[in-house]
Each structure stands twice: as structure tokens, then as C-alpha cells.
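Colleague: need a 3D model of the following:
(2 chains)
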Amino acid sequence: MTEALLSTQALVKRFGGLLATDNVSIEVRPGEIHALIGPNGAGKTTLVGQLTGNLAPDSGTIRFAGRDVTRLPTHARVRLGLARSFQITSVLREFTALDNVALAVQAHRGHSFRFLADARADTGLREAARDGLAAVGLGARADTLASALSHGEQRQLEIAMALAGDPRMLLLDEPMAGMGADESQRMVELLRGLKGRRAMLLIEHDMDAVFALADRITVLVYGRATASGTPAEIRAHAEVRQAYLGEEAP
Amino acid sequence: MIAPVIAALRTPRGLVALAVLVLFAVLPLLTQAFDQRYLLSIGTRIVIWSIAAVSLNMILGYGGMVSFGHAAFFGIGGYAVGILSASGVSDGWVQWPVAILAAAAWAALIGALSLRTRGVYFIMITLAFAQLVYYVGASLEAYGGDDGLNIGRSRFSGLIDLRDKASFYWLCLVLLLATLWFCSRLAVSRFGFVLRGAKANDQRMSALGFPVFWYRLTAFVIAGAFGGLAGVLLANEGAYVSPAMMSWVKSGDLIVIVVLGGMGTLLGPVYGAIAFFTLEESLKPLMDLVHKGWGEYWQIVFGPMLVLVALYAKGGISSLLGRRHD
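Modeller: The predicted model follows:
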């Protein structure tokens, strides 16, 4: 078995009396899509917050690419190749699609303490950004303000921004949230195209998407990882069917 | 290079900018021709306050940091000149860099502490630090305490005589243009994109890999340095420094000027400064005309005007001139 790219060991996070993350140990291997599913309030967002560095765990460790990153700030984890997209679309609305991705590229091309040169005239940044937009199917929308993009397009833009630094791993927090069936399908195709080249931790409610994409699935219930396995194993798991999949199970 | 400038001049926005520039450029000639020295002094104050407002706009407009203590940089810049002058150092080549560095150092110190907070807390902590500087200034008995300190103007031997009102005005205008040039470059630079991105969504910027705090702090220090420059000029304008130049009212005036003119636009703060001082200077005599002594309460009229701008022209004066192209 290959060594995990991202792993947590006995992660615990409490909010007062609420145990939001209860002794969670998960592993994401290089190149795999690992889905994290669970009902609302299961602690998925809390777990993602700890992985990205927005929340500090009470105990336990997080390792990424062979390093302990438990105490590393968000931007430093991103520099190591751990990129994310947001559950609530958070592109920079008053910038164009191209400016959004160019800014993401900029984060990985040295420091940005450059005060006088016009960043929009930096062909290195602009071309990489155009490639990034084209890769998610937004090539024709480069000069559109992000606020004028459709919801689905904004989600695609999120992915383009997350991919800009050529990360080793993507944390995708509900990439299909609020999407119509067509848009969801396009996103599934997009993510499938990225599969293998980089690892992904996919948090998603859309079970069709999860079972279409995931190599392995972990089920989170009340902060605990109750089951982990291949999609087939998870489907067969009685407890999971009862606790979560319910009527959605085939 | 030329073509976009000509294209810009065909818009209302470009024409107004050109008109303001021409007016600024010929002001000393006008005031001399009509023998209105007092107007030149108002013009000089407008130019100096414009520099301070543009510097505040760098952090407030582009960076989203509502600093309620920007007048502290007036005070530090001014008092650095005043104290050096009182100690016998009148050489501008020494005074000015020391003053600007002192303002930048103060900005680094309070920025490092204040930028750990957000929203209302940031407003309150910057105000608190500015009040601290204010009371230190007021307690400097050796330098006039509350009453302030008369100083000699900075000397740049052979180069320029700051006692000459017109020369001093020209110098301030050139420094305003330099400040505007820098700000226009900054806004579209790599740094400017990070700063503006962090204003829109700082979590997003961290998630892209930017250490947002350091970018904000750098912007704060730059703005402080330009604010210090404005303080140096203000001290030289009146040959006088006092704690009043850094009272919280001045910090508030600066915010009003930036918001009135248009946050996050290049020339908005300049328009704001022109409008603010023109209204102040014209409302006073107008109200005195209506009834002797009412001029003192000019803000009773000015206040509702601000409310109207806040309600109906959210982008300030700048937004009334049509859409931006950039």
C-alpha cells in the first residue's frame, strides 16, 4: 500500500459540549478520490476547517506529504500543495474570471510584494490563467466579471482557482452544491478528467456524483468515522444504509 | 501610451479629471491675478489633505481597512519636523526622511497589533492608538503642549524656498501627482491585486496561499508613510504644529473625504477633498449672510449633504461621473 498523502490521526475538536470531530483518523492516498459523506451536522465542515487550517484541533495530528501540518497556517498548507474550494462560492466577484485565476496563479509564482508593474501585463501570469480557465471549460468567459457568471460557472471558476498552483491535493467542499442536473453532470466530468493526476477529498451530498467518482468513501456520523471502504463496501454496509443512505440506497 | 489617454478624455470622467488638473495648475496664477492670497492657502490645504486622503484610500478603499486614526500620521510627520526644527535641525533633507520614517515605523507598530482584529474592533483600536499619540503630543510641554509650537519652515538651501507661498504650493502639487502616480500603479500591481482581493474575501486569499496579514501590514505602512508626508507639508504650510492636527475629528474628516469622493477610486479622494473644503469655506460665509453668526454651524448643512451622498451616491462623487473603464 502506498503511503497516504493526507492523513489525520485521532483528530478531536470540541465546541463546548459538542464533540464535532470525535477521534477521526482518515487517509487519502496519492491520486485517489476519497469521498466524505454524512448527514447534515455530522461534522464534515468542521473536519475540513481543521484540514485547511481555519480551525485548530483540540488534539490529534494532521499530516500532509510527509509533514506534520497540524499547526501550520492556511496559506502555508496551500504552498505545500493542499488546495481547496469552498462550500459557499467565494470567487472574487468584482474581478473578471481571468483576474481571479491570475491571482491564484500569482500566489504560486514568488512573492507579490511588487508595487509598480501592472500585473495584468504579466504574460506569464495571464497565459497560465487562460490555460487554467480553458481546462475547466471557461475559456470563452475570461473577461466576464465573476459576479456575472452563472452559479455553475462560478463553481467551475472555483476549481480553476484551486488548480492554479498545480496542487497535489484538492479539498472539494460540496462542489455540486446548488447545481442543476446538467451543471452537476458537467462538474462530474470535470473532476473525472482530473482524477489520477491529483488526490481529492470530496465532501458532497449528491450521492450519484459520489458513487460515480469516489475510489473510497468515509462515512461521518456525529463526528465519528463510522465506516470506510470502497463504494461497493459502503453500499453494502448495513449501518450506513440505516444511518445515512436510507432511501437513497439502491 | 497616448491613444488610451485621448480615449479617456472623451469621457465625462476624463474631462473632469483634466479640468481639475488644469485648475490645480493655474491656481497660483489666478490667485495672484485677482490678489486672493487666502484662496491659495486653501488650495494648498486641499492639495495636502488630498495626499493624506489618497493614502487613506490605499488602505480604506483598496484594502477595506477602516482606519479611524489616520490623523496620527499628520501629527507624527508634523511633530517630527517641529521637534527637529526646535532642536535646530532645519535642513529639509534631514527633517523630511526622519518624519516619513517615523510615521512608517508607527504604522508598522500599530498595524501589527491592530490588523489582528476585524471590523468595529479595528476601527476602535486604530482610534485608540491615534488618541494615544494625540495626548502624548498635548503633554509635550517643551514643545508647546496643548497650544502647539511655532516652527521655522524646512530649508532646502538653494533649491526651493518654502516661505514663498506659490513655490510651496507647486511642491505640494508635484508631491500629490507623485502620490497619485504611485497609487495608480499600486492598484493594478501584484500587490494591489492581493490587497483588493483580501478586501473582497480574505479567507479566499489565504486559501489561495497568500499570507494576507503581511500584505495588509505593508499597505498600512505605505499609507502611514504618505500620511506622514502630508503631516510634514501641513506643518510647513502653517509653520506651526499642534495636537489639534491629529485629533480624532481630523481622522473622521479624512474618512468623510474618502467616502464622499469615492472609495477605491484613484481620484475620488481628491474630489472629496475639493468638495469638503469648498463646502466648508463657502457654507460658512453663506450662512453668515443669512444670519450673522450662523456660519459657525456650517456642519448642520454639510451633515445632511453627506447623508444624501451616503443614500443616493454610494460610490461618492466619483460614481456620479459615469462608469469606470478599468
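
Colleague: farthest residue from the center of chain A?
Modeller: If you look at how far each residue of chain A sits from its centre, by Cα atoms, centre = their mean, the farthest one is residue A:116, at 34.1 Å.

Colleague: how about that one, phi and psi?
Modeller: Main-chain torsions, residue A:116, degrees, to the nearest 10: phi -110, psi -40.

Colleague: how near is it to residue B:188?
Modeller: Distance, residue A:116 to residue B:188, by Cβ to Cβ, to the nearest Å: 10 Å. The way it works is simple: take the backbone N, C-alpha and C, and place the C-beta from them, glycine included.

Colleague: what of residue B:292?
Modeller: Residue B:292 is 52 Å from residue B:188, by Cβ to Cβ.

Colleague: from chain B, how far out is the residue farthest from the centre of chain A?
Modeller: Distance, residue A:116 to chain B, using Cβ to the nearest Cβ, to the nearest Å: 5 Å.

Colleague: and that residue, what pLDDT?
Modeller: Note on residue A:116: pLDDT of 91.

Colleague: that one against residue B:183, yeah?
Modeller: No. Between residue A:116 and residue B:183 there is no contact under Cβ atoms under 8 Å: 11.1 Å.

Colleague: quick one: contacts for the residue farthest from the centre of chain A?
Modeller: Residue A:116 makes contact with B:182, B:185, B:186, B:189, according to Cβ atoms under 8 Å, 6 or more residues apart in numbering or on different chains.

Colleague: name the member of those with the most neighbours.
Modeller: Most neighbours among the contacts of residue A:116, by other Cβ atoms under 10 Å in any protein chain shown: residue B:189, with 21 neighbours.

Colleague: which residues does the closest residue to that one other than its chain neighbours contact?
Modeller: Nearest non-adjacent residue to residue B:189, counting by Cβ to Cβ, 6 or more residues apart in numbering or on different chains: residue A:115, 5.1 Å away. Neighbour list for residue A:115: B:182, B:185, B:186, B:189, B:191, B:192, B:222 [criterion: Cβ under 8 Å, 6+ apart].

Colleague: if you look at those residues, which of them are in helices?
Modeller: Using DSSP state H, the members of the contacts of residue A:115 that fall within helices are B:182, B:185, B:186, B:191, B:192, B:222.

Colleague: ok so, going back, residue B:292 and residue B:188: which is more packed in?
Modeller: residue B:188 (18 against 8).

Colleague: what about stretch A:162-180, start to end distance?
Modeller: Start-to-end span of stretch A:162-180 (Cα to Cα, to the nearest Å) is 22 Å.

Colleague: report whether it contacts chain B.
Modeller: Yes. Stretch A:162-180 reaches chain B (Cβ under 8 Å from any Cβ of the partner chain) through A:164, A:165.

Colleague: what's the spacing between that stretch and its chain's center?
Modeller: Stretch A:162-180 has its C-alpha centroid displaced from the chain centroid by 4 Å (Cα atoms, centre = their mean, to the nearest Å).

Colleague: give me the mean pLDDT for it.
Modeller: For stretch A:162-180, the per-residue pLDDT averages 90.

Colleague: now that stretch: buried residues?
Modeller: Residues A:162-165, A:167-177, A:179 are the ones in stretch A:162-180 that count as buried (16 or more other Cβ atoms under 10 Å in any protein chain shown).

Colleague: now do stretch A:36-53
Modeller: Of the residues in stretch A:36-53, A:36-38, A:42-53 count as buried by neighbour count, 16+ other Cβ under 10 Å.

Colleague: now for residue B:172: which residues touch it?
Modeller: Going by Cβ under 8 Å, 6+ apart, the list of residues near residue B:172 reads B:44, B:47, B:48, B:51, B:233, B:237.

Colleague: hang on, the earlier thing: assign a three-state SS to the residue nearest to residue B:189, would you?
Modeller: Recorded secondary structure, residue A:115: coil (DSSP: H, G, I helix; E, B strand; the rest coil).

Colleague: quick check: it vs residue B:187, distance?
Modeller: 10 Å.

Colleague: thinking again about what came up before, which of the contacts of residue B:172 lies closest to chain A?
Modeller: Comparing these against chain A with Cβ to the nearest Cβ places residue B:51 closest, at 17.4 Å.

Colleague: how many residues are close by the closest one?
Modeller: Quick note: residue B:51 (other Cβ under 10 Å) scores 28 neighbours.

Colleague: which SSE is the nearest residue to it once chain neighbours are set aside in?
Modeller: Of all residues not flanking residue B:51 in the chain, residue B:230 sits nearest, at 4.4 Å (Cβ to Cβ, 6+ apart). Assigned by DSSP states H and E, residue B:230 falls within helix B:212-238.
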